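1. one predicted model, sequence on top.
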2 protein chains.
Amino acid sequence: MTEKSSASGGTGLPASIEAAWGLRDRPVKGPKPGLTLDRIVAAAVAVAASEGLAAVSMGRVAKELGVSTMALYRYVSAKEELYLLMQEAAMGAPEPLPALEDGAGWREALGQWAWAQRRVFHRNLWALRIPIAGPPASPHSIAWWEQGLQALEGSGLDEGDKISVVLFVGGFVRNEALLMSDLAAAVEAKGLAPQEVMSQWERTVERLTDPVRHPALSRLLASGVMNEPDQPDHEFVFGLERVLDGVEALIRKGASS
Amino acid sequence: MTEKSSASGGTGLPASIEAAWGLRDRPVKGPKPGLTLDRIVAAAVAVAASEGLAAVSMGRVAKELGVSTMALYRYVSAKEELYLLMQEAAMGAPEPLPALEDGAGWREALGQWAWAQRRVFHRNLWALRIPIAGPPASPHSIAWWEQGLQALEGSGLDEGDKISVVLFVGGFVRNEALLMSDLAAAVEAKGLAPQEVMSQWERTVERLTDPVRHPALSRLLASGVMNEPDQPDHEFVFGLERVLDGVEALIRKGASS
DNA sequence: ACAGTAACGCGTACAGCATACGCAGAAGGG
DNA sequence: CCCTTCTGCGTATGCTGTACGCGTTACTGT
């Protein structure tokens, strides 16, 4: 019951995802399809890139392609499936890492991996807004995981720890990018300059903060740290260093056992 | 231009948020309001808790209160504002940390802080789905920040590093909770047992993975690690340990300089 | 060559959404 | 007692995703 398509390998994946893997025989009976999944996804991505994910509606994408809204449902079973394909397209295949000398350099490799992922996210901020709908099962996501695992090849960690580290680092990168994207969107929504929003926010917190009930915050504000315009990468660089230090501590512990 | 309310302290905050801070004079002219912000937020939270954030619509909340949809707009200027108030209600005031002996124990304190935050998120999974709309400016968010900063009091870090650490740890907790919530939702949407979904996913990846193009992944799958049913907290415990180790490395470095 | 059939594009319809606008009536101040 | 102000709400607009069914096309088996 609830059987999926017959041509599928029984993967349980949505039909269009199987198509993305290259499985799936093109039906040969009816009229030739006037569209392709690729064209649809490309149009959707274009809309998302220029007007944000919220602007991506089935009707909007269809208009972009010069077809009716309902035509899209011959290629995609639901909007969520389109989202998945968009995410896959945005992610792209990871550029091959510069080969690491075996046994050493996991830190460099993992750092490179994190930076590469961050670059992808920043190039496609809209993709971060797509809710995660399950464990990754698309070619590019899998390729990214593969690369993360490879970066840890010479680390001496066991397989369970390796995948946990990949999850951990990937989560950090994603979260940081999402946070920055949300803040940027909020700033843009207010229609003010970023610095102006920041200083207004600081004044607000200052007014709302009670030095007695919030001693640590008051100290923070008094220190003037929030005024210094730091480079936009600051929090990422800081966090990544902490993340890699944390992984290093684990590896050293494992090596000593 | 775009002047906000007159009674406000010029904080630039939405009207209802100022009400949450206790500022704001109740107008005295017209008929007595039949609702309260608190009642509205409570109803919205109840809907979100039992049917998910997606079920929270203005009409639904109004029905819950026995009023018309548009009545709510006398209390809240837009749905986004309601979201903010819901988030604030869900977050709650942080329970006071067990007093830490001065100068030591930052790790214990920060760990406690992270666990407490995680407990709150898990009690209100819907709250994670609310998009972040700017830097925190609500009483409870501020209180959580304050507590995070206090945990680092004896660490010897400077103020800039302290706030970065708080951001870093808070981000980790939030991201982990969100990921777990998304996965749980995806599993539930499939209508299968969690273990069944997991094993189906593993079989799928196995089929899609090419041992030549994905050597590390193949090794992972062959190791059988993915089959062991690990306790649900595993990734959080693992990640938190890495996070705290990373912070510890920073503190040690700072202490040596 | 022709019937059968499967897939295509799409028109229509429906339920739900956020919210702009304006009006009737209630409550208090002058 | 009037007049200002604020409440609740009915109506309306323009979106959204998508279920359903119809006409048409292109191929397969006879």
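-> Structure's in. What do you need? Numbers count the residues shown, from 1 in each chain, chains lettered A, B, ... in the order given.
2. find the nearest non-adjacent residue to residue A:209, please.
-> Closest residue to residue A:209 apart from its sequence neighbours, by CB to CB, 6 or more residues apart in numbering or on different chains: residue A:217 at 5.2 Å. Using the backbone N, CA and C atoms, a C-beta is placed for each residue, glycine as well.
3. just the mean pLDDT for the strand or helix carrying that neighbour, thanks.
-> Assigned by DSSP states H and E, residue A:217 falls within helix A:215-223. Averaged over helix A:215-223, pLDDT sits at 94.
4. how about the residues of chain A near DNA strand C?
-> Residues of chain A lying near DNA strand C by CB under 7 Å from any atom of the strand: A:27, A:29-35, A:67-71, A:73-75.
5. mind giving me the domain split of chain A?
-> Domain segmentation of chain A under automatic domain parsing yields A:15-91, A:106-191+A:224-256.
6. helix, strand, or coil at the closest residue to residue A:218 other than its chain neighbours?
-> Nearest non-adjacent residue to residue A:218, counting by CB to CB, 6+ apart: residue A:211, 4.3 Å away. Following DSSP: H, G, I helix; E, B strand; the rest coil, residue A:211 is assigned to coil.
7. which ones are touching residue A:161?
-> Residues near residue A:161 by CB atoms under 8 Å, 6 or more residues apart in numbering or on different chains: A:250, A:254, B:238.
8. and the helix or strand where residue A:203 lies, what's buried?
-> Assigned by DSSP H and E, residue A:203 falls within helix A:194-208. For helix A:194-208, the neighbour count (16 or more other CB atoms under 10 Å in any protein chain shown) marks A:197, A:198, A:200, A:201, A:204, A:205, A:208 as buried.
9. what does the stretch 51-200 of chain A put close to DNA strand D?
-> So far as CB under 7 Å from any atom of the strand goes, the stretch 51-200 of chain A lies against DNA strand D at A:56, A:57, A:58, A:59, A:60, A:69, A:70, A:73, A:78, A:79, A:80.
10. now, of these, which are buried?
-> Listed as buried from those are A:56, A:58; burial here means 16+ other CB under 10 Å.
11. which one of the residues of the stretch 51-200 of chain A next to DNA strand D is nearest chain B?
-> Among these, residue A:80 lies closest to chain B (CB to the nearest CB), at 9.5 Å.
12. pretty sure that closest one sits against residue A:133.
-> Yes - with contact defined as CB atoms under 8 Å, residue A:80 and residue A:133 form a contacting pair (6.3 Å).
13. pretty sure residue A:64 contacts residue A:41?
-> No - judged on CB under 8 Å, residue A:64 makes no contact with residue A:41 at a distance of 11.6 Å.
14. looking at these two, which one has more neighbours?
-> Set side by side, residue A:64 and residue A:41 show more neighbours around residue A:41, with 23 against 16, by other CB atoms under 10 Å in any protein chain shown.
15. just confirm that one contacts residue A:87, I think it does.
-> No - here residue A:41 does not reach residue A:87: they are 9.9 Å apart, not a contact under CB under 8 Å.
16. and residue A:183, how close does it get to residue B:206?
-> 40 Å (CB to CB, to the nearest Å).
17. wait, I meant residue A:70
-> For residue A:70, the distance to residue B:206 - CB to CB - is 37 Å.
18. ok, residue A:155 next?
-> 24 Å.
19. swap in residue A:58?
-> For residue A:58 relative to residue B:206 (CB to CB), the value is 34 Å.
20. kindly report the same for residue A:138.
-> Applying CB to CB, the value for residue A:138 to residue B:206 is 15 Å.
21. just the pLDDT for residue A:186.
-> 86.
22. chain neighbours aside, what residue packs nearest to it?
-> Counting by CB to CB, 6+ apart, residue A:186 lies nearest to residue B:134, which is 3.9 Å off, once chain neighbours are set aside.
23. what's near enough to touch that neighbour?
-> Contacts of residue B:134 (CB under 8 Å, 6+ apart): A:183, A:186, A:187, A:197, A:201.
24. tell me the secondary structure at residue A:131.
-> Relying on three-state DSSP, one would call residue A:131 coil.
25. meant to ask about residue A:29, not that
-> For residue A:29, the assignment made with three-state DSSP gives coil.
26. how near is it to chain B?
-> Between residue A:29 and chain B the computed distance is 27 Å (CB to the nearest CB, to the nearest Å).
27. which residues touch that residue?
-> Contacts of residue A:29 by CB under 8 Å, 6+ apart: none found.
28. for chain A, longest helix please?
-> When chain A is parsed with DSSP state H, its longest helix is helix A:159-190.
29. so how far is that helix off the chain centroid?
-> How far helix A:159-190 lies from its chain's middle: 7 Å, per CA atoms, centre = their mean, to the nearest Å.
30. buried residues, it. List them.
-> A:159-183, A:185-187.
31. and it with helix B:215-223, angle?
-> Angle of helix A:159-190 versus helix B:215-223, following axes from the mean of the first three to the mean of the last three CA atoms, to 10 degrees, is 120 degrees.
32. please enumerate the helices of the stretch 1-150 of chain A.
-> Assigned by DSSP state H, counting those that start in this stretch, the stretch 1-150 of chain A shows helices spanning A:15-21, A:37-51, A:58-65, A:79-91, A:106-123, A:139-151.
33. tell me which residues of the last one come out buried.
-> This means helix A:139-151. For helix A:139-151, by 16+ other CB under 10 Å, it's A:139-151.
34. with those in mind, which one is nearest to DNA strand D?
-> DNA strand D has its nearest neighbour among these in residue A:141, at 22.0 Å by CB to the nearest atom of the strand.
35. okay, the closest one: pLDDT?
-> Looking at residue A:141, the pLDDT reads 94.
36. so what's the spatially closest residue to it that is not a sequence neighbour up against?
-> Excluding its sequence neighbours, the residue lying closest to residue A:141 (CB to CB, 6+ apart) is residue A:91, at 6.4 Å. Going by CB under 8 Å, 6+ apart, residue A:91 touches A:120, A:124, A:127, A:138, A:140, A:141, A:144.
37. list just the nearest of the residues you listed to residue A:49.
-> residue A:124 (7.0 Å; CB to CB).
38. any idea how far residue A:87 lies from residue A:13?
-> 14 Å.
39. kindly report the same for residue A:106.
-> From residue A:106 to residue A:13 the distance is 32 Å (CB to CB).
40. the two - which one has more neighbours?
-> Taking neighbours as other CB under 10 Å, residue A:106 and residue A:13 compare with residue A:13 leading, 25 against 22.
41. now do the lowest-mean-pLDDT helix or strand in chain A: distance to the chain's middle.
-> Scoring the helices and strands of chain A by mean pLDDT, DSSP states H and E places helix A:15-21 at the bottom, with a mean of 74. Centroid displacement of helix A:15-21 relative to its chain, using CA atoms, centre = their mean, is 20 Å.
42. helices and strands around that helix, which ones?
-> In terms of contacts (3 or more CB pairs under 8 Å, 6 or more residues apart in numbering or on different chains; DSSP states H and E), helix A:15-21 is packed against helix A:37-51, helix A:79-91.
43. before I go, just wanted to say thanks for your time.
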